[in-house]
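Undergrad: what's the 3D shape of this:
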Amino acid sequence: MCPDTYVLRQQPKREPRFRIQYPELLNPAQLEAATTTEGPVLVIAGAGSGKTRTLVFRVARLVELGVDPQAILLLTFTRKASSEMLRRASSLLDGRCDDVAGGTFHSFANIVLRRNAKALGMDSGFTILDRGDNEDVINLMRARLGFDKKEKRFPRKQTIGSIFSMAVNKSRPLPELIEDHYAHLIDHADDLIALHASYVAYKEERNLLDYDDLLLKLHRLLETDEKVRIGLSRRYRYIMVDEYQDTNPLQAAIVRLLAAEHDNVMAVGDDAQSIYAFRGASFRNIMDFPDLFPGTHVITLEENYRSTQPILDVTNQIIAQARERYSKTLYTSKGDGDPPLLIAAEGENYQSRFVCQRILELREEGIALPEIAVLFRSSFHSFDLELELTKHDIPFVKRGGFKFIETAHVKDALAHLRVVANPRDAVSWHRVLLLLESIGPRRAQQLSGELTQSADPTEVLEAASGKSYSTSLRALAGLIRGVRASARSPEDQLNQVLRYYDPLLKTQHRDDYPKRSKDLEHMVSIAARYRTLESLLADMALEPPSDSVGDVVAVDEPEGLVTLSTIHSAKGLEWHTVFILWAVDGRFPSMQSMHDDEELEEERRLLYVAATRAKQNLYICYPINMYDRAAGMVLSKPSRFLDDIPEEMLKPMHLVEG
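TA: The predicted structure follows:
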């Protein structure tokens, strides 16, 4: 006898209820991007189109859908960017967004490698070399191999470091890279390859990683260790990458491996703003994303919230002539404004005088100086303008120069902490020892070798012979022992170092001791944010502060400052009024790029980036007469990137003497 059956009715599927009113807060394209949560998505975000807002709302959307926040990975190019996005997501929703994993590719690699160091035969206590340390190691290997004594001048450590870095970032074999991009150094190719092998071996022996090693070793880990790869991919089921056009081939490969168990990757970027090939970034990454992730849904953000329509009309024309691009036309609902002007100046000084005069006029019209920027292709393009600004008493700041982390006194203090964290760090030992009176480079190198081989470096320091420096070595040993034994915070450990270092700072930098001392006070306030010495040192290498306190104080003008900046340094920023200097063939695009189609296309994108920084006023300037070393004074031609822009869009204006 069959049992009776009782049919359970299917419960109607309930739509999730969202706290955030997405359709009211986003435009249609942003809404589509924020609510498309499954599968590969490529968001082509035009300049000023609200890409950050879109990413913030997508994080919140995923959390509202019930996705575990710890299963979301947000990769950005600065820690500040990821922190700001997650802060904004939390303010939209709730504290759950704080648990989203966010950071730079390099900081993410640092975390993964420390947890899985043994899988690569590494020690989890590795030290991360900054650029200066990296070059010092190269210089040491260069000397050891005798390349500094060659009859033909050998490349400098900075050049060698750039070549080694480019090979990693472009995923190119070193011999091939030298042949294609450094043909003028082909005579040194064999020596550079030998030097690279020594450099790699030196780092491995001493548990050192440079900036590029983080990506290289993360990629190797994901590629060779299936357990780790599957584990990470299952952990991070939703991956978002900001500024995807700035990724290099290695980063694109890492993203593909992290998505091995799913294809839930959203890449956000703008092909028209791909301008960092000199750092290894690949324009092909964003163009080929749909090939890397078949079935990609492409969404284009075209509504601009920054610029007036006349400015956007010019920027659309600049990029319309690009050989290869995603089709988009920026528009705005902000309304009309004045058309951008093409300023023809008699010579360079006329160009500078125009900029100064117009800045003073804008100031009288109520435009604050910090709302004005002058942008240029190369740093030397602003030299004449800097003199003219000084003459007119217009305060300005120029982006560039030494960064806080690259100053000698900050590197000295960090070196003392590094040898505590990693006693095998020969580079830092060498720096620490050279600060001591009577210890020269040869003795420092010898002692560094002994210290890195010893189980207890303090015993080596105390046993070192020589009356002239025995006291200072004992004092150093006492410091290392004290900091190492301290269970206190990184702030306290740094204060111990600074009490020891202060007399050395006075001796080494008598002329500007107070300014440098302020920098070190600033460094203590930074250390106070950290719980472990390891995390402090990793961040100082990966995400260092950029400004020294002295420099900030020095430029504290009541009215603020006009910004002078290379276009590369201006990306992501915006101003009410933007001047672009030297828009002339041979300077912009540069002479070197005119014979290489890829480089020429990047120069076009560079001008597009510069023009899209302007909110209300845009002035593109060029000198009619320019000096050429070979030919003397010659007539110039406006940048070829402006050729197809109608005069009614980019209004010509000629400067005349009053």
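Undergrad: Please make it C-alpha for all contacts and neighbour counts, starting now.
TA: Fine.
Undergrad: Shouldn't K615 be within a helix?
TA: No - counting by DSSP: H, G, I helix; E, B strand; the rest coil, K615 is located in no helix; its state is strand.
Undergrad: isn't it right next to T577, touching?
TA: Yes - K615 lies in contact with T577 (CA atoms under 8 Å); the separation is 6.6 Å.
Undergrad: any chance you could map the strands in the stretch 101-250 of the chain?
TA: For the stretch 101-250 of the chain, applying DSSP state E, counting those that start in this stretch gives strands covering 101-104, 127-129, 208-210, 238-241.
Undergrad: out of those, nearest to R58?
TA: strand 238-241 (9.4 Å; CA to CA).
Undergrad: and the closest one, what does it pack onto?
TA: Strand 238-241 sits against strand 72-76, strand 265-269, with contacts defined as 3 or more CA pairs under 8 Å, 6 or more residues apart in numbering; DSSP states H and E.
Undergrad: right, and the helix or strand after the last one?
TA: Same thing as strand 265-269. helix 283-287 (DSSP states H and E).
Undergrad: What residues of that next one count as buried?
TA: The neighbour-count check on helix 283-287 (16 or more other CA atoms under 10 Å) flags F283, N285, I286, M287 as buried.
Undergrad: Please state the offset of it from the chain centre?
TA: How far helix 283-287 lies from its chain's middle: 18 Å, per CA atoms, centre = their mean, to the nearest Å.
Undergrad: Dump it to PDB, keeping only the CA atoms.
TA: Only the C-alpha atoms of helix 283-287 are listed here, as PDB (Å, rounded to 0.1, in the frame of the first residue of the first chain):
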ATOM      1  CA  PHE A 283      47.900  49.100 -22.200                       C
ATOM      2  CA  ARG A 284      47.100  45.600 -23.500                       C
ATOM      3  CA  ASN A 285      45.800  44.400 -20.100                       C
ATOM      4  CA  ILE A 286      42.600  46.500 -20.200                       C
ATOM      5  CA  MET A 287      42.200  45.900 -24.000                       C
END
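Undergrad: beta partners of I343?
TA: C621, M653 (DSSP bridges).
Undergrad: correct me, but it touches L655?
TA: Yes - between I343 and L655 a contact is recorded at 7.2 Å, counting by CA under 8 Å.
Undergrad: More neighbours: the two, which one.
TA: The residue with more neighbours, out of I343 and L655, is I343; 25 against 14, by other CA atoms under 10 Å.
Undergrad: For that one, which residues are in contact?
TA: The contact partners of I343, by CA atoms under 8 Å, 6 or more residues apart in numbering, come to Y619, I620, C621, Y622, P652, M653, H654, L655.
Undergrad: That one and T563, how far apart?
TA: Here I343 is placed at a distance of 20 Å from T563 (CA to CA, to the nearest Å).
Undergrad: one step back: which among the helices and strands packed on strand 238-241 is found nearest to V427?
TA: strand 72-76 (30.0 Å).
Undergrad: Can you tell me which helices and strands that closest one packs against?
TA: Looks like strand 72-76 contacts helix 79-92, strand 101-104, strand 238-241 (3+ CA pairs under 8 Å, 6+ apart).
Undergrad: could I get the strands of the stretch 101-250 of the chain as a markdown table with distance to A570 and mean neighbour count?
TA: Output for these, formatted as a markdown table (distance: least, CA to CA, whole Å; neighbours: other CA atoms under 10 Å):
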| stretch | distance to A570 | mean neighbour count |
| --- | --- | --- |
| strand 101-104 | 20 | 21 |
| strand 127-129 | 27 | 25 |
| strand 208-210 | 27 | 21 |
| strand 238-241 | 21 | 24 |
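Undergrad: Pipe those strands into JSON lines and attach mean pLDDT per row.
TA: Conversion of the strands of the stretch 101-250 of the chain to JSON lines gives the following (pLDDT from 0 to 100):
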{"stretch": "strand 101-104", "mean pLDDT": "90"}
{"stretch": "strand 127-129", "mean pLDDT": "89"}
{"stretch": "strand 208-210", "mean pLDDT": "92"}
{"stretch": "strand 238-241", "mean pLDDT": "96"}
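Undergrad: Could you dump those into a markdown table and include distance to A421?
TA: Listed next are these as a markdown table, based on distance: least, CA to CA, whole Å:
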| stretch | distance to A421 |
| --- | --- |
| strand 101-104 | 23 |
| strand 127-129 | 8 |
| strand 208-210 | 12 |
| strand 238-241 | 32 |
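Undergrad: Can you say which of those is nearest to F396?
TA: strand 101-104 (31.0 Å).
Undergrad: Show residues contacting the closest one.
TA: Everything outside strand 101-104 that qualifies as a contact, by CA under 8 Å, 6+ apart, is 69-79, 82-83, 86.
Undergrad: cool, stretch 414-423 as well?
TA: By CA under 8 Å, 6+ apart, stretch 414-423 touches 125-127, 207, 425, 428-429, 431-432, 451-452, 457, 480, 483-484, 493-494, 497, 533-534, 537.
Undergrad: remind me, longest helix of the chain?
TA: helix 490-508 (DSSP state H).
Undergrad: follow-up on the earlier one: please narrow the contacts of stretch 414-423 to those residing in helices.
TA: Short answer: those in helices (DSSP H) are 428-429, 431-432, 451-452, 457, 480, 483-484, 493-494, 497, 533-534, 537.
Undergrad: Just the buried residues from the residues you listed, in ChimeraX please.
TA: Entered in ChimeraX, the line below selects the buried ones among the ones in helices among the contacts of stretch 414-423, by 16+ other CA under 10 Å:
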select :428,429,431,432,451,452,457,480,483,493,494,497,533,534,537
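Undergrad: give me every residue that touches the closest residue to S352 other than its chain neighbours.
TA: Distances taken as CA to CA, 6 or more residues apart in numbering place L385 nearest to S352, at 4.8 Å, with adjacent residues excluded. Listed by CA under 8 Å, 6+ apart, the contact set of L385 reads N349, S352, R353.
Undergrad: which secondary element of the protein has the worst mean pLDDT?
TA: helix 549-554 (a mean of 38; mean pLDDT, DSSP states H and E).
Undergrad: just how off-centre is the helix or strand following that one within its chain?
TA: Next along the chain after helix 549-554, taking DSSP H and E as the criterion, comes strand 562-566. Centroid separation between strand 562-566 and its chain, computed with CA atoms, centre = their mean, is 18 Å.
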